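Peer 1: okay, predicted coordinates and the sequence, questions at the end:
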Amino acid sequence: MLSKPIRSVLCWQLIATAVLTLAAALWTGVHGALSAALGGAVSAGAGWLSALVAAKGKAGSAGGILIAALMAEGLKIGLMAVLLWAVLANYEGVVVAAFVGSFLVTAIIFAMAFFVRDNE
């Protein structure tokens with residue numbers, strides 16, 4: 001259902017999250033590892049949901065494609081904002097550097113879908 005570029009970047013996001021979680025565990029312990037995992041999960045989860053919304057959009061016209069893309073992007077940004085707030089407001093032991101760092105790295109990786117070739 002999802003295109004090869006989206007599947008590829010979602011996989012890269014999960015790999016980056018795992019690597020950053022391990023690095024944060026070695027750097028700051030359990031809270032750092034959980035913070036990095038949550039940061040990656042926020043970005044990957046929002047990206048996955050927006051990709052599903054975009055894939056379900058009406059592809060019958062250029063306008064339909066544009067509306068679906070804008071809705072998907074708006075959903076992604078809104079969900080990211082809510083999830084970032086939820087973690088920062090509710091997890092007292094959050095290691096902000098690990099959380100935000102992991103989030104930013106995985107968000108940048110999602111933007112790289114543009115560069116993945118779709119040879120299917």
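Peer 2: Received, thanks.

Peer 1: quick one: the helices in the protein?
Peer 2: Across the chain, reading from the start of the chain, the helices by DSSP state H fall at 4-28, 30-55, 62-90, 96-111.

Peer 1: in the second one, what's buried?
Peer 2: Spelled out, that is helix 30-55. Residues of helix 30-55 classed as buried by neighbour count (16 or more other Cβ atoms under 10 Å): 31-48, 50-51, 53-54. From N, CA and C alone the C-beta is placed, and that goes for glycine too.

Peer 1: still on that earlier bit, looking at the helices of the chain, which is buried most?
Peer 2: Among those, ranked by average contacts under mean count of other Cβ atoms under 10 Å, first place goes to helix 30-55 (a mean of 21).

Peer 1: angle of that helix against helix 96-111?
Peer 2: 30 degrees (axes from the mean of the first three to the mean of the last three Cα atoms, to 10 degrees).

Peer 1: what packs against helix 30-55?
Peer 2: Packed against helix 30-55, as judged by 3 or more Cβ pairs under 8 Å, 6 or more residues apart in numbering; DSSP states H and E, are the following elements: helix 4-28, helix 62-90, helix 96-111.

Peer 1: mean pLDDT added to those helices, as CSV?
Peer 2: Shown next, in CSV, are those (pLDDT from 0 to 100):
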stretch, mean pLDDT
helix 4-28, 92
helix 62-90, 90
helix 96-111, 93
